[in-house]
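Student: Test case, fold it:
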Amino acid sequence: RERVLVELEKLISLSCKNPTGSKKYEDLHVALLKKHYSATNVTIDYHRHRIQMEVIEDVSLYDPKTVNTYLPTFYTNLLFNNLCNFLISCVEKDNKSIGFYTQLLNSFKGSKNQLELA
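Tutor: Coordinates of the predicted model:
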């Protein structure tokens, strides 16, 4: 559990050094934000330090087994000073989240089990 959190923090730090250098890094950032905020339509403007997303108002209405054609959401426009610190603050430490983070980390591991761009 601790190892997953440490590895995720390393990956976030690595991805923030050149966030626009890889689509996978941007996908990582978006996945973390979607998970933390229960959000959809997440976009990150790295130059203006701005995150735009739609946050689901009532998560209890969301059912992953069905097509959710209408979920009440509200538009959010967040500003950040330091992307790395902001993303690390979004990391949750419950068991369900750890499983999600493990899958994220596995998508970045290469043949030698080292974090790398795939």
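Student: Does the residue nearest the centre of the chain belong to a helix, a strand or coil?
Tutor: The residue lying closest to the centre of the chain (CA atoms, centre = their mean) is Leu32, at 1.3 Å. Three-state assignment for Leu32 (DSSP: H, G, I helix; E, B strand; the rest coil): helix.
Student: Could you pull up the residues touching it?
Tutor: Counting by CB atoms under 8 Å, 6 or more residues apart in numbering, Leu32 touches 12, 87, 90-91, 104. All C-beta atoms are positioned from the backbone trio N, CA, C, and that covers glycine.
Student: let's go with 10 Å and repeat that
Tutor: The contact partners of Leu32, taken as CB atoms under 10 Å, 6 or more residues apart in numbering, are 8, 12, 15, 42, 86-88, 90-92, 100-101, 104.
Student: now Leu5
Tutor: Leu5 makes contact with 88, 91-93, 97-98, 101, according to CB under 10 Å, 6+ apart.
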